[in-house]
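In: structure of the sequence below:
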Amino acid sequence: MRVITGTARGQKLATLQGEDVTRPTLEVVKEAVFSSIQFELEGRTMLDLFAGSGQMGIEALSRGAAKATFVDSSRDAANIITQNLQKTKLYQLSNVICTDWQQYIRSAKNKYKFDYVFLDPPYSMGILPKVAAEIYDAGLLKETSVVICEDEKRIDMTNALISERYELKKDARYGRVFISYLTPKGAKND
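Out: Sure thing, here's the model as predicted:
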């Protein structure tokens, strides 16, 4: 797994071993995500929740994002993220937090707003709609924010947790992976 482009282009990133620990985003998926937002990243902020190796946030920083916050509940993952950030010389633009996603959202509530949020929780947990709803409800989004969701199935826009809070900007399938781009609706994001 490597950084595709930008200041850290070509840098090889370390990952945790075994899919039970972490499931890195496929290169083709990462390339597609960043191709779709590449001209909007400069100076923006990103939250990489369920960060794993940190590859998505690191790619954003390499391409000009101003700041990235990496959250993962695994101490080993937080250490790998820190190692990758130091190797790519992007550590000074980052915040690595080792905590569970709910605790992070509670602690960040109404304190931070992100331009991009990347959500890739373990597929087997089936919590993507709940996580997206809690991010919205905690006021972590701007009117112009984009929440990029990775899952093994298409996001269910009839689920009230999603449909009451978000519009589907677009989605795409890459093999067994679906990527959905959500934009927040109204009041919580003024």
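In: when you work out contacts or count neighbours from here on, use the C-alpha atoms and nothing else.
Out: Fine.
In: quote the end-to-end distance of stretch 159-174.
Out: With C-alpha to C-alpha, to the nearest Å as the measure, stretch 159-174 spans 23 Å from end to end.
In: flag every buried residue along it.
Out: 161-163, 165-166, 168 (16 or more other C-alpha atoms under 10 Å).
In: chain center to it, what's the gap?
Out: 15 Å (C-alpha atoms, centre = their mean, to the nearest Å).
In: same thing with stretch 109-122?
Out: With C-alpha atoms, centre = their mean, you get 7 Å for stretch 109-122.
In: which outside residues touch that stretch?
Out: With contacts defined as C-alpha atoms under 8 Å, 6 or more residues apart in numbering, stretch 109-122 is touched by 23, 44-51, 56, 127-128, 132, 138-142, 144-151.
In: ChimeraX command for the buried members of these?
Out: Buried subset of the contacts of stretch 109-122, written as a ChimeraX selection, criterion 16+ other C-alpha under 10 Å:
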select :23,44,45,46,47,48,49,50,51,56,128,132,138,139,140,141,142,145,146,147,148,149,150,151
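In: tell me what the helix of greatest length in the chain is packed against?
Out: The single longest helix within the chain, with elements called by DSSP state H, is helix 75-87. On a contact count with 3 or more C-alpha pairs under 8 Å, 6 or more residues apart in numbering; DSSP states H and E, helix 75-87 meets strand 67-72, strand 94-98.
In: could you list the buried residues of the shortest one?
Out: Taking 16+ other C-alpha under 10 Å as the basis for neighbour counts, the residues of strand 94-98 that come out buried are 94, 96-98.
In: stretch 68-78 now?
Out: 68-74, 76-78.
In: thinking again about what came up before, any chance of the buried residues of strand 94-98 in JSON lines, with pLDDT and distance to Y174 too?
Out: Shown next, in JSON lines, are the buried residues of strand 94-98 (pLDDT from 0 to 100; distance: C-alpha to C-alpha, whole Å):
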{"residue": "S94", "pLDDT": "96", "distance to Y174": "29"}
{"residue": "V96", "pLDDT": "98", "distance to Y174": "29"}
{"residue": "I97", "pLDDT": "97", "distance to Y174": "29"}
{"residue": "C98", "pLDDT": "97", "distance to Y174": "30"}
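In: which residue lies nearest the spatial centre of this protein?
Out: By C-alpha atoms, centre = their mean, the mean C-alpha position of the chain lies nearest to F118, the distance being 1.8 Å.
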